[in-house]
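> Could you look at this predicted model? Sequence included:
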Amino acid sequence: MLLRSPPDRGAAPVIDEPTSSAVSETAVLSGGCFWGVQGVFEHVKGVSRAVSGYAGGSAETAQYETVSTGQTGHAESVQITYDPKQISYGQLLQIFFSVAHDPTELNRQGPDSGSQYRSAIFPENAMQQQVADSYIAQLDKAGVFQRPVVTRTDLLKGFYPAEEYHQDFLAQNPTYPYIAINDLPKVRNLKRLFPQRYREQPVLALANLKAG
């Protein structure tokens, strides 16, 4: 049975996944350039890994140059591995909608445009789908944003890690102009709005990927 909590404007999802005994679970989210989304979730307590990659298309087209054409069906995405005893799927979505991106921008995010930069959630099962769809409806009904939420939910068919040079880009390049202008404010907002969920030292993907 799904858990319910009192509704509130801009609050966490009213419907969330039940408490799990699993050691880890994963969520795949797309909110524009994966550098910023990855950078945000690497600072979230309960997240053990956040990997930049591609979702929505096939394995054959999961390369940056090909995805950048906007013709592959892929979206730049981040696969988040988390401890459901520390943070829930719905709480990850709350951060996603609150600080990681603007869910009212259609097929673009900030200076980037194209379907590969769309706002999307890729649920891995029926429960994640229900939580995501319910939360989008909740945000729209509450009028949290001045425009409708355009975030799509598409059942995950596959996630493909991006090239190594894209991993941990925010953490390794904090003075890079794109990062400084577009993405570091997201990390600062995470710390400001969710201080209980923020950790100063990010958990980095490359170390995890190289470890297997």
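Arrived safely, thanks for sending.
> gap between the two ends of stretch 116-136?
Stretch 116-136 stretches 20 Å from its first residue to its last (C-alpha to C-alpha, to the nearest Å).
> same check, this time on stretch 143-155
26 Å.
> ok, now stretch 156-163?
Looking at stretch 156-163, the gap from its leading to its trailing residue is 20 Å under the measure C-alpha to C-alpha.
> buried sites along that stretch?
Judged by neighbour count using 16 or more other C-beta atoms under 10 Å, the buried positions of stretch 156-163 are 156, 159-162. For glycine as for every other residue, the C-beta is placed from the backbone atoms N, C-alpha and C.
> what's the answer for stretch 16-23, then?
Applying a neighbour-count criterion of 16+ other C-beta under 10 Å, one finds 16-17 buried in stretch 16-23.
> Just the C-alphas of that stretch, formatted as CSV.
This file holds the C-alpha atoms of stretch 16-23, laid out as CSV (Å, rounded to 0.1, in the frame of the first residue of the first chain):
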residue,chain,number,x,y,z
ASP,A,16,5.2,8.1,-2.0
GLU,A,17,6.7,4.6,-2.1
PRO,A,18,6.3,2.5,1.1
THR,A,19,9.3,2.0,3.4
SER,A,20,11.6,-0.6,1.9
SER,A,21,14.0,-3.0,3.3
ALA,A,22,16.1,-2.9,0.1
VAL,A,23,19.8,-2.0,0.4
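> Run the chain-centre distance for it.
19 Å (C-alpha atoms, centre = their mean, to the nearest Å).
> and that stretch, what's its mean pLDDT?
Computed over stretch 16-23, the mean pLDDT rounds to 88.
> which residues does Val40 contact?
Applying C-beta atoms under 8 Å, 6 or more residues apart in numbering to Val40 gives the contacts 95, 99-100, 183, 186-187, 190.
> if we can go back for a sec, closest one to Asp83 out of the buried residues of stretch 156-163, please.
Lowest distance from Asp83 to the buried residues of stretch 156-163 (C-beta to C-beta) belongs to Phe159, with 18.9 Å.
> can you pull up the bridge partners for the closest one?
When bridges are called by DSSP bridges, Phe159 pairs up with Ala55.
> that older thread, between the contacts of Val40, identify the one with the most neighbours.
Taking other C-beta atoms under 10 Å as the neighbour criterion, Ala100 ranks highest of these with 28 neighbours.
> Next up, the contacts around the closest residue to Asp16 other than its chain neighbours.
Using C-beta to C-beta, 6 or more residues apart in numbering and skipping residues adjacent in sequence, the residue nearest Asp16 is Gly90, 3.4 Å away. Applying C-beta under 8 Å, 6+ apart to Gly90 gives the contacts 12-13, 15-17, 131, 135.
> What about the residues you listed, which are in helices?
When the contacts of Gly90 are checked against helices (DSSP state H), the matches are 131, 135.
> and the contacts of Gly90, which of them are in strands?
Of these, the ones assigned to strands by DSSP state E are 15-16.
> Among the contacts of Gly90, which one lies nearest to Arg147?
If you rank the contacts of Gly90 by distance to Arg147 using C-beta to C-beta, Tyr135 comes first, at 16.7 Å.
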